[in-house]
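Trainee: Just the structure for this:
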Amino acid sequence: MKTIKLILLAFTLSFTFYSCEKFAEEKMETTQQKSAQADAKSNESKGLLWVYQDNFDTPSALQEIWRLYGRPSPEWKDLAFGRDGLFDNNGPSPVNNYAVSNFPIGRDYGYTVESEVMLNILNPAGTCVCPGIGVTKASEFNPITGEMRTGISMRLIYAGAAATWFPAKMRNHTWFIMDFISDNGTVASSGYIPADIYSNNWCILRFEVSPAGFVKFFCDETLLWAPLIRLHPMMFKNNLLVLGYTSDGDLQTRSGVAYHDWIKATFPLSPKD
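Mentor: The predicted structure is shown next:
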């Protein structure tokens, strides 16, 4: 069975770090990871590493860990596309639905957020379908209304023929759209990066924030965007995770469904030597 993980791992110099799965077997409990790519990677750094992973085991766990926003509300799926236990943002395009974590992630030493997602196109003539990940701040988020501003956002989005708010040449295609709040307070954006090959397949969205404040965005192991622009300092630590955004299986009106199989956040608690 999949498990929700919150693990504190110690590193020592010239000590090869075991994966999350191996650590869990030896130190906590035996558990089977459903994706080798979801394991923590080997590291020979010094310091402390915090790893949080939610595999969306049960609907009750989803309610406990996340605040859910939108009508209809995001929901838990038991099985789809060969995976068990999924997050469905359930958002009817063009309205965005999302979940915001009940806990903060990140210190001053960088962090990584990643999630395995499926964007499945059901009706190319529909509007939009979009899985996405991001982070926000408590100061940028209203827990009652759900209104928020993301400090970092990474979306995989299909713009259907009926998504008239997209430029005509962008419709009927899938795109990566990434942005973040820069150190001068403006929004840095990737624009549209082609992503048709990632439609109708599982893929891993990931962004990494370096201790110096630079952000890199990846899909699987492919680097998509690494601008030489620093992230705003307020986004270095104590961020809330965000999952979204549009997913509706109504073949008459929408484009398709978007699922998250798991999400993981990793960050050091002390500087590396």
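Trainee: Which is the succeeding secondary structure element to the helix or strand bottoming out on mean pLDDT in the chain?
Mentor: Ranked by mean pLDDT, DSSP states H and E, the weakest helix or strand in the chain is helix 20-23, scoring a mean of 27. Beyond helix 20-23 on the C-terminal side, the first helix or strand identified by DSSP states H and E is strand 47-54.
Trainee: Restricting to C-alpha, output that next one in PDB.
Mentor: Listed next in PDB are the C-alpha coordinates belonging to strand 47-54 (Å, rounded to 0.1, in the frame of the first residue of the first chain):
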ATOM      1  CA  GLY A  47      23.400  18.300   6.800                       C
ATOM      2  CA  LEU A  48      19.800  17.400   7.400                       C
ATOM      3  CA  LEU A  49      17.300  16.700   4.700                       C
ATOM      4  CA  TRP A  50      13.500  16.800   5.200                       C
ATOM      5  CA  VAL A  51      11.500  14.700   2.800                       C
ATOM      6  CA  TYR A  52       7.700  14.800   2.600                       C
ATOM      7  CA  GLN A  53       5.800  12.600   0.200                       C
ATOM      8  CA  ASP A  54       2.000  12.100  -0.200                       C
END
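Trainee: So what are the sheet partners of that strand and their directions?
Mentor: Sheet pairing here is set by DSSP bridges, and for strand 47-54 it gives strand 5-11 (antiparallel), strand 256-268 (antiparallel).
Trainee: any idea how far that strand is from the chain center?
Mentor: The gap between the average C-alpha position of strand 47-54 and the chain average comes to 15 Å, counting by C-alpha atoms, centre = their mean, to the nearest Å.
Trainee: dump the residue contacts of residue 202.
Mentor: Under the criterion of C-beta atoms under 8 Å, 6 or more residues apart in numbering, the neighbours of residue 202 are 81, 83, 116-118, 261. For the C-beta atoms, the positions are set from N, CA and C on the backbone; glycine is no exception.
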